[in-house]
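Visitor: Only the shape, not the letters, is given here:
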């Protein structure tokens, strides 16, 4: 695995803080009704992404996830201004304003969504991995889903095929404790979600999803196993979200005390504490990072605000490939 250095910690702090503040701003403009529809935020789960990016070969490996999907493409190199614009429904967005919050996508950067159907991305991730194996591309696909999606039947079908064919895929359940508002304890007879891999003799295990180092180590091992041709791994990232399932979630299923207890494990705070303890950066340097993050987030807002909405014609252009489609009537 690539060494975890002073620069690693500083970059983790920069990245995770930007992702957090990016989504905090999204929440603010959502309340102003500048972003419509659903909005599912990643606050608290940033270490799962930070650690994975450290273990990946960016440009070769791929990622697919559910609808909590704004910060993953940023980590893979997608321009955050375009992501912000996509949530505004603007033509400068990643899908020209046609995808919205739940459907961020960038084939160029290896990010394959953003999927609104619960668990729908699980077989798709295996399919991308199958393509890599078929075409001998040496890539590994990281397939993320939530603890609620782990109860979908498609997971079992996918696990079976992935093991049979030794597909280069890593399955990651981001267990944040609740499937929407239903606790893990109420969804099955066990709370160790990783044990679902045992029935397929798939390498599997739990990981501290609040610690980017633990995530990086587990992901490195799983990715290398897949790249060698030894097949998939199933990892349970035990994490927590500080906001509700979506912006419309009143969060009656958990207490404020529970949320505050988990905030003591905040991955951003953990990384910042290590930076300070080891004197990797001075207070002035940390302050400069904070100011730069605030500036970059505001640039995303300004870009989205100033971008135009798509023309009506785009509705037809992105649906019909054939220009003289016979069933399309123009008034």
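Guide: Right, received. Where do you want to start? Only a predicted model underlies this, so the values are computations on that prediction, with no experimental measurement involved.

Visitor: what about the chain, any weak spots by pLDDT?
Guide: Under the criterion of pLDDT under 70, the regions of the chain flagged as low confidence span 325, 327-331.

Visitor: Can you list the residue ranges for strands in it?
Guide: 62-64, 141-146, 169-175, 178-179, 182-183, 204-208, 233-238 (DSSP state E).

Visitor: so which of these gets nearest residue 265?
Guide: Closest approach to residue 265 among the strands of the chain is made by strand 204-208 (8.9 Å; C-beta to C-beta). Backbone N, C-alpha and C define where each C-beta goes, glycine included.

Visitor: For that closest one, which residues meet the burial criterion?
Guide: By neighbour count on 16 or more other C-beta atoms under 10 Å, the buried set for strand 204-208 is 204, 206, 207, 208.

Visitor: quick one: the nearest residue to the first one once chain neighbours are set aside and residue 222, what's the gap?
Guide: Right, the one you point to is residue 204. Leaving aside its chain neighbours, residue 204 sits nearest to residue 197 (3.0 Å; criterion: C-beta to C-beta, 6 or more residues apart in numbering). As judged by C-beta to C-beta, to the nearest Å, residue 197 and residue 222 stand 11 Å apart.

Visitor: ok, now residue 276?
Guide: For residue 276 relative to residue 222 (C-beta to C-beta), the value is 31 Å.

Visitor: ok, these two, which is more surrounded?
Guide: Just comparing residue 276 and residue 222: by other C-beta atoms under 10 Å the higher neighbour count belongs to residue 222, 26 against 13.

Visitor: wait, isn't that one in contact with residue 233?
Guide: Yes. When contacts are counted by C-beta atoms under 8 Å, residue 222 is listed as touching residue 233 (3.6 Å).

Visitor: Please work out how many residues are found near the closest residue to residue 14 other than its chain neighbours.
Guide: Among residues not flanking residue 14 along the chain, residue 289 sits closest, at 5.6 Å (C-beta to C-beta, 6+ apart). Neighbour count of residue 289, defined by other C-beta under 10 Å: 18.

Visitor: Go ahead and confirm residue 289 touches residue 17.
Guide: Yes. Applying C-beta under 8 Å, one finds residue 289 in contact with residue 17, separated by 7.1 Å.

Visitor: For residue 318, grab the count of nearby residues.
Guide: Other residues near residue 318 come to 12 when the count uses other C-beta under 10 Å.

Visitor: where does it fall, phi/psi-wise?
Guide: phi -90, psi -10 (degrees, to the nearest 10).

Visitor: Not including adjacent chain positions, what is the nearest residue to it?
Guide: Nearest one to residue 318, counting by C-beta to C-beta, 6+ apart, is residue 98 at 6.0 Å.

Visitor: Likewise for residue 36?
Guide: Nearest non-adjacent residue to residue 36, counting by C-beta to C-beta, 6+ apart: residue 89, 7.2 Å away.

Visitor: before we move on, back to that, tell me how far the residue nearest to residue 14 lies from residue 283.
Guide: From residue 289 to residue 283 the distance is 11 Å (C-beta to C-beta).

Visitor: For the residue nearest to residue 14, which residues are in contact?
Guide: Residues near residue 289 by C-beta atoms under 8 Å, 6 or more residues apart in numbering: 10, 13, 14, 17, 281.

Visitor: and which of those residues is nearest to residue 301?
Guide: residue 17 (16.6 Å).

Visitor: Identify the residue spatially nearest to the closest one, adjacent ones excluded.
Guide: According to C-beta to C-beta, 6+ apart, the nearest residue to residue 17 is residue 293 (5.2 Å).
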